[in-house]
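Novice: sharing a model prediction with you, sequence too.
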Amino acid sequence: MGYIRGYDRDDLRELVDLAECAARLEEIAEQRSLPALLERVWLLKVLDRLDEALALAETTVRQARMAGTRKDVLRARVLHATILQYRGAHAAAEQELAACAEEAEGQGWITIAAFAHQHHGRNAYDAGDFETARESFKRSLFLRREAGAEDRELEITLLAIDATERRRTTQLVAG
């Protein structure tokens, strides 16, 4: 997404210009294509309009199943799981993200698998499971390198690994 200005080093959430995201959401509010629906879900998520995001994410998954490809369905499911994560339903998000990552890897869809592993790691990070987060981020990094990802994508994953290591160390010292 072109709206991401960076990532918070503590919670790993996207840093965005909220006014720009709200304006874009209004601009595409009536569009019904699958890419527009996915974008609207993401915009609602970063604007913290999670009830609306969840309802639209469920609709988007259904539309992807009816009219999209299997890759489209996986992308929609990953986005749906991130809404669950933001709502604090970490177990449900973990299950969905793990299934998406496994299916994508099984199909050889490396970029989608890396995307799913990255979000699986973010969900585990939010839930305080830093060991799982670390494993997921490292898997995402490996897959992204294998896919020839740009340095920016690799940096995002390296930032997540670094944040996880810091939290994990703090947790071990405190425990």
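Specialist: Great, that's in hand. Numbers count the residues shown, from 1 in each chain.
Novice: CA only for contacts and neighbour counts going forward, please
Specialist: Noted.
Novice: OK, contacts around the residue positioned nearest the centre of the chain?
Specialist: The centre of the chain sits closest to residue 119, judged by CA atoms, centre = their mean, with a distance of 4.0 Å. Neighbouring residues of residue 119 by CA atoms under 8 Å, 6 or more residues apart in numbering: 78, 82, 97.
Novice: all helices for the chain, in order.
Specialist: 18-27, 34-46, 50-67, 70-86, 90-107, 110-127, 130-146, 151-174 (DSSP state H).
Novice: residue 6 is nearest to which of those?
Specialist: When these are compared for distance to residue 6 using CA to CA, the nearest one is helix 151-174, at 8.5 Å.
Novice: and residue 39, how many neighbours?
Specialist: When neighbours are defined as other CA atoms under 10 Å, residue 39 has 17 of them.
Novice: same question, residue 89
Specialist: Neighbourhood size, residue 89 [other CA under 10 Å]: 15.
Novice: what's the answer for residue 65, then?
Specialist: What residue 65 shows, counting by other CA under 10 Å, is a neighbour count of 16.
Novice: likewise for the one 4 residues further on?
Specialist: Residue 69 sits with 11 neighbouring residues when counted by other CA under 10 Å.
Novice: got phi/psi on it?
Specialist: Note on residue 69: its backbone torsions stand at phi -90, psi 170 [degrees, to the nearest 10].
Novice: residues contacting the closest residue to residue 57 other than its chain neighbours?
Specialist: In space, and not counting its chain neighbours, residue 57 is closest to residue 80: 5.1 Å by CA to CA, 6 or more residues apart in numbering. Contacts for residue 80 (CA under 8 Å, 6+ apart) come out as 54, 57, 58, 61.
Novice: most surrounded residue in the residues you listed?
Specialist: In terms of neighbours by other CA under 10 Å, the contacts of residue 80 top out with residue 57 at 29 neighbours.
Novice: quick check, it in contact with residue 75.
Specialist: No - taking contacts as CA atoms under 8 Å, residue 57 lies outside contact range of residue 75: 10.7 Å.
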